[in-house]
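In: Sequence first, predicted model second:
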Amino acid sequence: MKIEHLNEIKGYMYSFAKDSAHDVAHIYRVLNHALNLAKNYNVNMDILVAACLLHDIGRPAQFADPSLCHAKVGSEMAYQFLKELGWSEEDCTHIKRCILTHRFTISAQPETIEAKILFDADKLDVIGAMGIARTLQYEGKMNVSLNEFFNEYHRKLIKLYDVFYTKEAKEMATSGKELLERFYLELKAQLDTSAAEGYLSGILAP
């Protein structure tokens, strides 16, 4: 990749990485995971690096309008941006598809090895200790209670361990699952207020 293109892509990404749970550090962790996974496959590195750097640029649009999907919005934004940089139609479309299919909750599935690696790399940053920290950070930003963590656990977190595409990502995820399950049970026990509620109900009963 031309250094000027890389710098343009990084600058574009920086302008949208405002969410504390999906900030520049998250983008670079995803890229780091992707580079490690890519060592075992025949990968177009320009496609992979660009897709990793741009995969969350649609986040601000989704925050402004929750009915939008950041993967869909971001894929269109990346396509237009790279076309303006002079990238080929084929490469722009490939990157657009990688970004479109990186989200866990979207029906479209990653097809190319670059798209699969981006998906896995992004999910590796949502498991184990990092996943717990980012989930709680995101829920704090959204001003929801700790109890929402349990909904996210059942809706997404515990399911991620079964959706990786590369065997390397599956192996990396193994230890994180046990940590997540322990945290879930411990938090659930510490948030149990049934004894206090029962006591107060008894006092206040006529």
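Out: Perfect, I can see it now. Numbers count the residues shown, from 1 in each chain.

In: For the lengthiest helix in the chain, which helices and strands make contact with it?
Out: Longest helix in the chain by number of residues (criterion: DSSP state H): helix 167-190. Here helix 167-190 touches helix 24-38, helix 113-124, helix 128-141, helix 148-155, going by 3 or more Cβ pairs under 8 Å, 6 or more residues apart in numbering; DSSP states H and E. C-betas here are computed from N, CA, C, even on glycine.

In: just so I know, which of those helices lies nearest residue 98?
Out: With Cβ to Cβ, the closest approach to residue 98 among these belongs to helix 113-124: 4.2 Å.

In: between the closest one and helix 167-190, how big is the angle?
Out: 20 degrees (axes from the mean of the first three to the mean of the last three Cα atoms, to 10 degrees).

In: could you give the mean pLDDT of helix 113-124?
Out: Averaging the model's pLDDT scores along helix 113-124 yields 96.

In: Pull the residues that contact that helix.
Out: For helix 113-124, the external contacting residues (Cβ atoms under 8 Å, 6 or more residues apart in numbering) are 30-31, 33-34, 37-38, 41-44, 47-48, 51-52, 55, 94, 97-99, 101-102, 104, 110, 160, 163-166, 169, 172-173.

In: and the nearest residue to residue 61 once chain neighbours are set aside, what element?
Out: Using Cβ to Cβ, 6 or more residues apart in numbering and skipping the chain neighbours, the partner closest in space to residue 61 is residue 73 (4.6 Å). Here residue 73 sits within helix 70-85, counting by DSSP states H and E.
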